[in-house]
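Student: Quick one: sequence plus predicted model below, questions after.
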Amino acid sequence: MNRPADTCAASALTVKPTHRWHPWRWLAWSTAGLLTLAALWWSFAPRAVVVNVASVTQGPFEQSLEEDGQLRLKARYGIAAPMAGQLQRPSLQVGDRVEKNQVLAWLAPMASPLIDPRNQSVLRQRVGRDEASQQAASARVAQLQAALAQARLQAQRTAQLAQQDFIAEAALDQALNAERAAAQALEAGRAEWRAAQFSLAESQAALGQTTATAPTAGQGLVPIASPISGQVLKLHLSSAGPVTAGQALIDIGDVTALEAVIDVLSSDARHIRTGAPVGLSLDGRQAALTGQVRRIEPTAFTRVSALGIEEQRVNVLVDLLPDTPAEAQGLGDGFRVDAHIVLSRIDQALRVPSAALVRDGESWRVWVIHNGRAHARKVLVKDRNAEFAAVEPGPLQAGDPVVLYPAALTEGQRVKISP
């Protein structure tokens, strides 16, 4: 019965052990705290910005203009019909070579038109009238010949009497004048007879052509010759047929004498100078032809772009230089070309990619990478194109890495170059 009480007393008298702080526990807690602080710092610390980088280079710089245009002949000759007629079928084809003064085509007189029965009757009456007029003129000539013979005989007799002093000198003068008047009247009569003869021949010719007939081969053909040596560019008529005076027949030209016509915006035309070098490409790749600007036309014209925008454009005429390579031969009138017009050129310029420029008020700046951080530097831009900007040396040197397309960078910000 006493054992449970003794057990409780013994339990009450038990002494609790004392806890000791071990060093390894202090080290563990310190390490955990440092790791927590490091994680917080890493979470809130600014991260390095991944950027694309290009280098500043030294080399030639060009300010140019890219436009398209077409080739055309410097001199184009249009051959027209000199008169109305029947064109003979041409033997030439487009592209054929012709020499100066070579016959290009033959032109025959027009066939006479048909005559209807009513006009035929009128022409017969006209022939009868002209025959009667001719007969009357013949009789008149015979009458005047007799009058002249009588006047001459009378003048001879009067002259004999005057020599014998049987009549006065005035009578002789009167006889001589009558002879001259008779001679002149005979000449007038003969002229009237010839006129009647011509009129009769005209009426007979008109009456004789009662059906439309074409001229025989070689009869009255008019040759049409080439004014220059060149090639046939266009045949306006490829078969025989009637033509009117001044109607276009053939176009010819010298395809070795070509020029390029480049239409540019009027705002760009004022930057182009006469004599500027031009590269011409036939397929949009490397320029195959070289030329120089000969003239900038002073008048602009309106053209609607592919986007439906009205643009004021100006034609720029470009002469092809004689050093055209052999592979560029075979060109012709109207061929399309891509033009590269040089506006200005610097042989040795400090070039910065245009994508690295950032507006800074009225000036420009770029971001340069140094020791893994971005630093802004102001630059003075002398000129720029779509690829590069020519800047003054000083803030930048050749080989400096600059950030392309910089966005929201701050001075000294850490950056990481994109692979």
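Tutor: Cool, got the structure. Numbers count the residues shown, from 1 in each chain.
Student: what kind of secondary structure is Ser30 in?
Tutor: helix (DSSP: H, G, I helix; E, B strand; the rest coil).
Student: how near is it to Ala38?
Tutor: 13 Å (C-beta to C-beta, to the nearest Å). Any C-beta I mention is one placed from the backbone N, CA and C, and that applies to glycine too.
Student: got it, and Gly372?
Tutor: Distance from Gly372 to Ala38, by C-beta to C-beta: 21 Å.
Student: now Glu192
Tutor: 138 Å.
Student: which residues of the stretch 151-300 of the chain score low on pLDDT?
Tutor: Applying pLDDT under 70 to the stretch 151-300 of the chain flags the ranges 209-219, 284-287.
Student: Show me where it has its strands.
Tutor: 222-225, 230-235, 241-243, 248-253, 258-265, 277-281, 289-304 (DSSP state E, counting those that start in this stretch).
Student: check contacts around Gln163.
Tutor: For Gln163, no contacting residues are found, by C-beta atoms under 8 Å, 6 or more residues apart in numbering.
Student: Correction: the previous question concerned His271.
Tutor: His271 neighbours (C-beta under 8 Å, 6+ apart): Leu65, Leu343.
Student: begin at 667 from here
Tutor: Will do, 667 is the new start, and the previous item becomes His937.
Student: where does it fall, phi/psi-wise?
Tutor: phi -90, psi -10 (degrees, to the nearest 10).
Student: Run through the helices of this structure in chain order.
Tutor: Assigned by DSSP state H, the chain shows helices spanning 669-678, 689-710, 783-829, 835-874, 932-935.
Student: The last one: which residues count as buried?
Tutor: In terms of neighbour count (16 or more other C-beta atoms under 10 Å), helix 932-935 has its buried residues at Ala935.
Student: For Gln729, see how far away the spatially most central residue of the chain is.
Tutor: With distances taken as C-alpha atoms, centre = their mean, the residue of the chain nearest its centroid is Val927 (4.4 Å). Val927 sits 22 Å away from Gln729, going by C-beta to C-beta.
Student: So what touches stretch 976-988?
Tutor: In contact with stretch 976-988 (C-beta under 8 Å, 6+ apart) are residues 735, 924-932, 935, 938, 944, 946, 955-963, 965-971, 1005, 1007.
Student: again, 6 Å this time
Tutor: Contact with stretch 976-988 is made by 924-932, 935, 944, 955-963, 966, 968-971, as judged by C-beta atoms under 6 Å, 6 or more residues apart in numbering.
Student: wait, Val1081 sits on Ala1040?
Tutor: Yes - using C-beta atoms under 6 Å, Val1081 is in contact with Ala1040, at 5.0 Å.
Student: Between these two, which has more neighbouring residues?
Tutor: Between Val1081 and Ala1040, counting by other C-beta atoms under 10 Å, Ala1040 is the more crowded of the two (22 against 19).
Student: and the more buried one, bridged to which residues?
Tutor: Ile1035 (DSSP bridges).
Student: Cheers, nothing more for now.
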